[in-house]
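**Student:** just to be clear, the model below is a prediction. Sequence and coordinates:
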Amino acid sequence: MGRGARRPKGFRDVDGILLLDKPCGISSNKALQKVRYLFKANKAGHTGSLDPLATGMLPICFGEATKFSTYLLDASKSYRAVCQLGQTSTTGDAEGEITLQQAVNVTRQEVEEILKRFVGLIDQKPPMHSAIKVNGQRLYKLARKGETIERQSRSIEIYSLELINLNENMLTIDVHCSKGTYIRTLAEDIGEQLGCGAFLAKLKRTGVHPFWDQPCVAMTELQSLADSSPHSLDALLLPVEAALSGLPRVIIEGAEARAIQQGQVIQADSSQPPGLIILINHEDQFIGIGEASNDGRISPKRLMNTAR
């Protein structure tokens with residue numbers, strides 16, 4: 001919200017993280033705006049776009065949680081993908097026009113051998129139908145004009161790639177990967193290696209680190225609660241620090257807590273290993289992220305606004 005902008009009437013400060021089960025057919029931004037409206041939240045942002053046809057986990061950060069959203073943007077993610085074998089499309093997914101059709105004659109063993117080639121660090125070229133900017137222009141806008149330009153490959157990592165089902169021409173796989181991985185490109189590359197072509201038919205994001213195996217909330221459930229009991233929506237929120245699960249927690253008290261909340265470096269226990277840490281006050285309240293150095297000093301990195 002820009003300087004001097006007015007907050008929408010009836011909106012409020014909300015802090016926390018919602019694990020939304022994004023429905024098929026809407027963009028991540030449209031889902032974000034709808035959720036923000038239902039919560040009447042002054043500030044909200046999502047942590048990694050899903051294409052309109054994709055479903056699944058879309059963490060929504062409210063208020064102070066937006067300060068820490070980069071840790072979710074940079075996190076590893078998991079997906080269940082269904083690939084249509086024997087066909088390719090202009091967009092690499094089910095939205096595009098079919099550009100190739102051919103017979104599929106592959107065995108489960110052959111597929112498993114091909115999948116092994118993609119595990120680990122690999123180079124991947126972003127698809128034309130993506131939001132990446134090249135020379136200041138979004139690739140998908142150029143693609144809509146029928147333009148294709150050269151894109152530089154980027155290094156990504158596939159941590160695991162498991163064959164779930166091979167049923168005639170439909171291949172289902174589970175993918176655990178680094179940020180920046182395009183599953184539609186992975187589907188196309190698998191199809192090319194199999195010699196039959198492929199496009200991404202369905203995609204569901206099943207997890208975002210550290211939120212593995214956690215239930216997501218459907219948009220219909222949010223709407224129902226907003227209609228019947230809007231105050232109960234807040235009970236669905238995870239605490240801000242949930243995005244940082246796995247980092248060590250350090251309790252700071254008194255003058256040290258006040259100093260670090262003012263942006264000052266403090267001296268702490270020299271036995272604390274260097275790296276990022278979660279800062280907790282004497283009341284067990286999360287106050288932000290710090291960075292511990294080898295000499296025992298702690299520098300503030302991102303701090304909660306405790307003045308509200």
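**Tutor:** That came through fine. Fair warning: this is a prediction, and the values are worked out from it, not measured in the lab.
**Student:** so what's the nearest residue to L303 once chain neighbours are set aside bridging to?
**Tutor:** Once flanking residues are discounted, L303 sits nearest to G288: 3.6 Å by CB to CB, 6 or more residues apart in numbering. Bear in mind the C-beta positions are built from the backbone N, C-alpha and C, glycine included. Following DSSP bridges, G288 is listed with bridge partners L279, L303.
**Student:** what's the separation between Q87 and E168?
**Tutor:** 12 Å (CB to CB, to the nearest Å).
**Student:** equivalent analysis for T70, please.
**Tutor:** For T70 relative to E168 (CB to CB), the value is 42 Å.
**Student:** N281 too?
**Tutor:** If you go by CB to CB, the gap between N281 and E168 works out to 59 Å.
**Student:** so P215 is in which element?
**Tutor:** For P215, there is no host helix or strand (DSSP states H and E).
**Student:** need the CA coordinates for the lengthiest strand in the chain. CSV is fine.
**Tutor:** The longest strand of the chain (DSSP state E) is strand 154-167. The C-alpha coordinates for strand 154-167 follow below in CSV (Å, rounded to 0.1, in the frame of the first residue of the first chain):
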residue,chain,number,x,y,z
ARG,A,154,18.8,-22.2,-15.0
SER,A,155,20.2,-24.7,-12.5
ILE,A,156,17.5,-26.4,-10.4
GLU,A,157,17.5,-29.5,-8.2
ILE,A,158,15.2,-32.5,-8.3
TYR,A,159,15.5,-34.1,-4.8
SER,A,160,13.3,-37.1,-5.7
LEU,A,161,11.1,-38.2,-8.6
GLU,A,162,8.8,-41.2,-8.1
LEU,A,163,6.7,-43.0,-10.5
ILE,A,164,3.2,-43.4,-9.0
ASN,A,165,1.2,-44.8,-11.9
LEU,A,166,1.5,-45.6,-15.6
ASN,A,167,-1.9,-46.2,-17.0
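**Student:** neighbouring contacts of the helix or strand just after it?
**Tutor:** Toward the C-terminal end, the helix or strand that comes next after strand 154-167 (DSSP H and E) is strand 170-177. Strand 170-177 has contacts (CB atoms under 8 Å, 6 or more residues apart in numbering) with 76-85, 111, 115, 156-166, 181, 183, 186, 190, 198, 201, 206.
**Student:** which positions within strand 170-177 qualify as buried?
**Tutor:** Using 16 or more other CB atoms under 10 Å as the test for burial, strand 170-177 gives M170, L171, T172, I173, V175, H176, C177.
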